[in-house]
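1. What follows is a predicted structure for the sequence shown.
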Amino acid sequence: MTPVNDAEVESDETVIVTLGADAAYSVGTPGSATVTITSDDKPTVTISATDATATEAGPTAGQYTVTRTGATMSALTVNFSVGGTATAGAITPSWARA
């Protein structure tokens, strides 16, 4: 069994082969075997400033949206850093999960 490296983003897949019964032989144990095709597809993450202007006097807060596309069958931890010219303590981060 040779897998094909396709362009589809997908999770790992399995191929199960099970021996069929016949009068000419007996099927022993195990009578089936599984091969797992490990996917090399990675999800893609992007970030955008969905509200790119924030005001100190309020009521406007800046907002970022992180979007994940591709395989979503398993949990994904996305690393990020915060930088810029705002001084530490000048912002109050509020992280929400959509």
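-> The structure has been received and is ready for your questions. None of the values given here were measured: they were computed from a predicted structure.

2. C-alpha only now, for contacts and for neighbours.
-> Fine.

3. burial measure for residue 16, as a count.
-> Using other Cα atoms under 10 Å, residue 16 has 9 neighbouring residues.

4. Skipping its backbone neighbours, what lies nearest it in space?
-> residue 34 (4.4 Å; Cα to Cα, 6 or more residues apart in numbering).

5. Likewise for residue 10?
-> Residue 10's closest residue in space is residue 71 (Cα to Cα, 6+ apart), at 5.2 Å.

6. State the pLDDT value of the one you found.
-> We have a pLDDT of 76 for residue 71.

7. and what of the one 3 residues further on?
-> For residue 74, the pLDDT comes out at 80.

8. and it, what helix or strand is that in?
-> Using DSSP states H and E, residue 74 sits in no helix or strand.

9. And residue 17, by the same measure?
-> Residue 17 belongs to strand 13-18, assigned by DSSP H and E.

10. In whatever helix or strand comes next after that strand, which residues are buried?
-> Of the helices and strands lying after strand 13-18 in sequence (DSSP H and E), the nearest is strand 32-37. Residues of strand 32-37 include none that count as buried (16 or more other Cα atoms under 10 Å).

11. tilt between strand 32-37 and strand 13-18?
-> If you take axes from the mean of the first three to the mean of the last three Cα atoms, to 10 degrees, strand 32-37 sits at 160 degrees to strand 13-18.

12. packing partners for strand 32-37?
-> strand 13-18 (3 or more Cα pairs under 8 Å, 6 or more residues apart in numbering; DSSP states H and E).

13. who's in contact with the strand it packs on?
-> 31, 32, 33, 34, 35, 36, 37, 38, 39 (Cα atoms under 8 Å, 6 or more residues apart in numbering).
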